[in-house]
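**Student:** prediction below, plus the sequence it came from.
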Amino acid sequence: MIDVAGACFARTGLCYMQHAGACKARTLQAPSPRLPRPSRIPYNPPAMSNARVHIVCYGCQMNRLDAGLVAEVLRESGAEVVADPAAANVLLFLTCSVRAHAENRVFSNIGALAARKTREPGLLVGLLGCMAQQHGPDLMQRAPLVDFACAPGRLAELPDLLARAERGERPVALDPTRAGDRAEGYPPWRAFGTADAALDRLEVRAAETGAGPGQAYVRAMRGCDNFCAYCVVPHVRGPERSRPPAAVLEEVRRAVERGACQVTLLGQAVNKYRFEEEGRAWDLAALLEAAAAVRGLSRLDFLTNHPRAMTARLVAVFRNLPPVCPYLHMPAQAGSDAVLRRMNRGYTAAEYLERVAMVRQAAPQVAVHSDFIVGFPGETEADFEATLDLVRRMRPAGAFVFKYSPRPGTLAARDFADDVPLKEKRRRNQALLDLVGRIAAEDNQAFVGREVEVLVEGPSPQARLRAATGRSPWRTAGAERSPSASDLLPPASGLQLRGRTRCHRLVVFDGPPEDSTGSGHALAGREVRVRVEAAGALTLFAALLPDK
Ligand code: 5AD
Ligand code: SF4
């Protein structure tokens with residue numbers, strides 16, 4: 001069973017299946033594997049006892065999860081994964097192509113290794129992830145210091161690639177392209193199937209998921225078929241494939257056994273999850289219901305959500321499944337219907353707001369977060385005003401704002417000139433951030449005086465700064481300083497810790513006295529109760545309460 005009927009969002013001519021107009025493509029699913037217990041999975045990678053690998057990870061949660069797979073597969077082959085780049089003889093860059101800025105950083109960080117490569121001729125540099133797929137073989141010319149490259153779907157082959165690079169080859173492992181796959185006459189996921197199966201096996205074995213202490217990411221889906229006009233992801237991560245529920249649930253169980261109290265299911269549009277087996281059709285609501293039943297799991301959430309695929313059935317999980325956190329990341333991207341149409345988002349501003357209202361009607365406490373892009377081609381002042389208006393109406397608990405960055409190969413880069421000047425993009429970016437901040441600061445006041453549960457991540461950046469410099473961060477003017485923090489509370493007396501509420505709000509509080517001289521990690525990964533004493537736009541300031 002390969003295909004499950006589902007709405008295709010593409011309507012672009014770039015869709016994998018080349019549907020034109022209002023197409024009805026299928027949502028792809030990987031075949032249901034019989035999952036062996038991880039310890040019984042045979043695996044014979046090439047041995048590489050001398051490799052000391054350091055991984056630099058850019059970009060989204062998917063990449064952090066991939067970093068865990070990279071560490072796992074290399075450790076299995078005998079390599080050591082080291083935290084200090086200076087101690088490494090293999091440097092791996094796990095890259096992001098979503099914006100030009102992210103790519104430029106990688107190119108310049110790799111370029112900066114020139115002197116070290118001359119000093120240490122044995123040093124190997126690998127470029128992994130989305131940039132490898134986006135640039136293809138041209139990459140090796142553009143970045144002559146790169147010794148090998150590997151696309152996101154081929155990470156399970158890393159030991160072989162590294163072994164070849166050690167022999168002096170410059171291997172490049174790419175995923176099939178959608179066009180190439182079509183040209184071969186393959187049914188949709190066959191070209192990706194073998195690599196996906198290897199990744200699935202690796203995913204079950206991997207011990208690290210790239211999330212913080214007490215947390216784990218679990219991949220529910222790979223790829224994306226939405227073809228938002230600005231976005232490179234469908235071009236570099238391949239067609240949308242839902243992973244079998246058995247694999248996802250096994251990984252949730254293992255994460256909890258290893259001590260995670262929070263699990264986040266990941267997909268580029270995870271609410272399109274669809275898997276059919278033995279006559280049963282699984283959607284995300286069904287998957288969440290099964291995951292929520294895993295004993296010991298206290299927090300369950302899912303990232304990220306496409307507004308078009310938000311259903312009343314899914315929204316009901318906020319009400320019906322206690323472990324599901326009251327937090328929903330559902331990017332709007334813009335508030336102007338004309339811009340949304342050009343972005344190929346498939347909804348109007350009014351429809352987006354209806355989805356937000358549906359969520360809040362089912363569960364008023366859900367913190368809805370969004371992403372926005374400013375300066376999309378043709379965005380007028382009136383279009384931007386419409387985005388501000390949407391924000392005033394939806395009142396997000398938080399939002400990421402990005403300046404539009406044209407990406408080669410996308411519809412927007414092909415069809416539209418990048419015609420909003422950078423200065424104007426910057427102004428809109430700041431104006432939107434200011435508005436989001438004002439709204440969040442107002443809404444966060446409702447938390448003052450409340451007791452909330454916090455999953456501790458570790459020392460706050462301010463505490464780390466203080467440890468590094470010996471100065472009190474509260475008195476330090478500069479970029480690292482949180483803008484309103486020092487105005488709200490006196491200097492911290494113990495080690496300041498940070499964590500998140502169930503609704504994903506950031507909380508800082510003084511750790512218990514015995515932590516103030518120690519590592520500060522004693523509470524990391526644990527849930528504690530705090531009382532909120534003050535609130536800013538980005539942060540709640542709280543006091544730790546004794547255990548009940
Ligand atoms: N330019 C700017 N922002 C982008 N995003 C995706 N592609 C681009 C681009 N070309 C943003 C979207 C998405 C987030 C992950 O990155 O807002 O939700
Ligand atoms: Fe897919 Fe998200 Fe990119 Fe749209 S913005 S194409 S949903 S990854």
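**Tutor:** Done, it's in. Keep in mind the model is a prediction, meaning the values are calculated, not measured. Ligands and ions are numbered 1, 2, ... in the order given.
**Student:** any weak-confidence spans in this protein?
**Tutor:** 1-49, 178-191, 463-494, 513-521, 548 (pLDDT under 70).
**Student:** which bits of the stretch 101-250 of the chain sit near ligand 2?
**Tutor:** Taking C-beta under 6 Å from any ligand atom as the contact definition, the stretch 101-250 of the chain meets ligand 2 at Cys224, Asn226, Phe227, Cys228, Cys231, Val233, Pro234. (Glycine included, C-beta is placed from N, CA and C.)
**Student:** and which of the residues you listed is nearest Ala255?
**Tutor:** Nearest to Ala255 among those, counting by C-beta to C-beta, is Cys224 at 23.9 Å.
**Student:** max-length helix in this protein?
**Tutor:** helix 422-444 (DSSP state H).
**Student:** so which elements touch it?
**Tutor:** strand 367-374, helix 381-394, strand 398-403 (3 or more C-beta pairs under 8 Å, 6 or more residues apart in numbering; DSSP states H and E).
**Student:** tell me how far the longest one lies from the chain's centre.
**Tutor:** What that stands for is helix 381-394. Helix 381-394 has its average C-alpha position 26 Å from the chain's average C-alpha position, going by C-alpha atoms, centre = their mean, to the nearest Å.
**Student:** that one close to ligand 1?
**Tutor:** No: under the criterion of C-beta under 6 Å from any ligand atom, ligand 1 is not reached by helix 381-394; the shortest gap measures 12.0 Å.
**Student:** quick one: that helix to strand 398-403, angle?
**Tutor:** Counting by axes from the mean of the first three to the mean of the last three C-alpha atoms, to 10 degrees, helix 381-394 lies at 170 degrees to strand 398-403.
**Student:** now for the residue in the chain sticking out farthest from the centre: which residues touch it?
**Tutor:** What lies farthest from the middle of the chain is Arg119; by C-alpha atoms, centre = their mean that is 35.8 Å. Counting by C-beta atoms under 8 Å, 6 or more residues apart in numbering, Arg119 makes contact with nothing.
**Student:** helix, strand or coil for the residue of the stretch 51-200 of the chain found nearest ligand 2?
**Tutor:** As assessed by C-beta to the nearest ligand atom, ligand 2 sits closest to Val98 within the stretch 51-200 of the chain, at 7.9 Å. With DSSP: H, G, I helix; E, B strand; the rest coil as the basis, Val98 sits in coil.
**Student:** just give the nearest non-adjacent residue to it, would you?
**Tutor:** Spatially, and ignoring its direct neighbours in sequence, Val98 is nearest to Val232 (6.2 Å; C-beta to C-beta, 6 or more residues apart in numbering).
**Student:** roughly how far apart are that neighbour and Met131?
**Tutor:** Val232 is 10 Å from Met131, where distance means C-beta to C-beta, to the nearest Å.
**Student:** residues bridging contact with these two, i.e. touching both?
**Tutor:** With C-beta under 8 Å, 6+ apart, Val232 and Met131 have common neighbours Ser97.
**Student:** between the two, which is the more surrounded one?
**Tutor:** Taking neighbours as other C-beta atoms under 10 Å, Val232 and Met131 compare with Met131 leading, 29 against 24.
**Student:** from memory the more buried one sits against Cys96, does it?
**Tutor:** Yes: contact between Met131 and Cys96 holds when scored by C-beta atoms under 8 Å: they sit 7.3 Å apart.
**Student:** what residues does the stretch 301-450 of the chain have near ligand 1?
**Tutor:** Pro331, Gln333, Asp371, Ile373, Phe402, Tyr404, Ser405, Arg407.
**Student:** confirm for me that Ala67 is in contact with Ala206.
**Tutor:** No: counting by C-beta under 8 Å, Ala206 is not a contact partner of Ala67; they are 9.9 Å apart.
**Student:** helix, strand, or coil at Val106?
**Tutor:** helix.
**Student:** ditto for Phe302
**Tutor:** Using three-state DSSP, the structure places Phe302 in strand.
**Student:** which residues of the stretch 1-150 of the chain fall in strands?
**Tutor:** Listed in chain order, the strands of the stretch 1-150 of the chain (DSSP state E, counting those that start in this stretch) span 3-5, 26-29, 52-57, 80-81, 90-95, 124-129, 148-150.
**Student:** using CSV, lay out those strands together with mean neighbour count.
**Tutor:** Formatted as CSV, those follow (neighbours: other C-beta atoms under 10 Å):
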stretch, mean neighbour count
strand 3-5, 14
strand 26-29, 24
strand 52-57, 19
strand 80-81, 18
strand 90-95, 26
strand 124-129, 24
strand 148-150, 27
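**Student:** adding distance to Val317, write those strands out as TSV.
**Tutor:** Listed next are the strands of the stretch 1-150 of the chain as TSV, based on distance: least, C-beta to C-beta, whole Å:
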stretch	distance to Val317
strand 3-5	21
strand 26-29	20
strand 52-57	30
strand 80-81	36
strand 90-95	31
strand 124-129	31
strand 148-150	36
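**Student:** for Ala114, which of those is the nearest?
**Tutor:** Proximity to Ala114, assessed across the strands of the stretch 1-150 of the chain by C-beta to C-beta, is greatest for strand 124-129 (10.5 Å).
**Student:** so how far is the closest one from its chain's centroid?
**Tutor:** Distance, centroid of strand 124-129 to centroid of chain: 20 Å (C-alpha atoms, centre = their mean).
**Student:** show me what that strand is packed up against.
**Tutor:** helix 61-76, strand 90-95, helix 100-111, strand 148-150, helix 158-166.
**Student:** minimum distance to Glu533: which of these has it?
**Tutor:** The minimum distance between Glu533 and these falls on helix 61-76, with 30.6 Å, by C-beta to C-beta.
**Student:** next, the angle from the closest one to helix 158-166.
**Tutor:** Put simply, helix 61-76 runs at 70 degrees to helix 158-166, going by the same axes, to 10 degrees.
**Student:** I'd like to know which elements helix 61-76 is packed against.
**Tutor:** strand 52-57, strand 80-81, strand 90-95, strand 124-129, helix 158-166, helix 190-205, strand 215-219, strand 262-266.
**Student:** now tabulate those in JSON lines and tack on distance to ligand 1.
**Tutor:** What follows is the helices and strands packed on helix 61-76, written out as JSON lines (distance: least, C-beta to the nearest ligand atom, whole Å):
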{"stretch": "strand 52-57", "distance to ligand 1": "15"}
{"stretch": "strand 80-81", "distance to ligand 1": "27"}
{"stretch": "strand 90-95", "distance to ligand 1": "15"}
{"stretch": "strand 124-129", "distance to ligand 1": "15"}
{"stretch": "helix 158-166", "distance to ligand 1": "25"}
{"stretch": "helix 190-205", "distance to ligand 1": "22"}
{"stretch": "strand 215-219", "distance to ligand 1": "15"}
{"stretch": "strand 262-266", "distance to ligand 1": "13"}
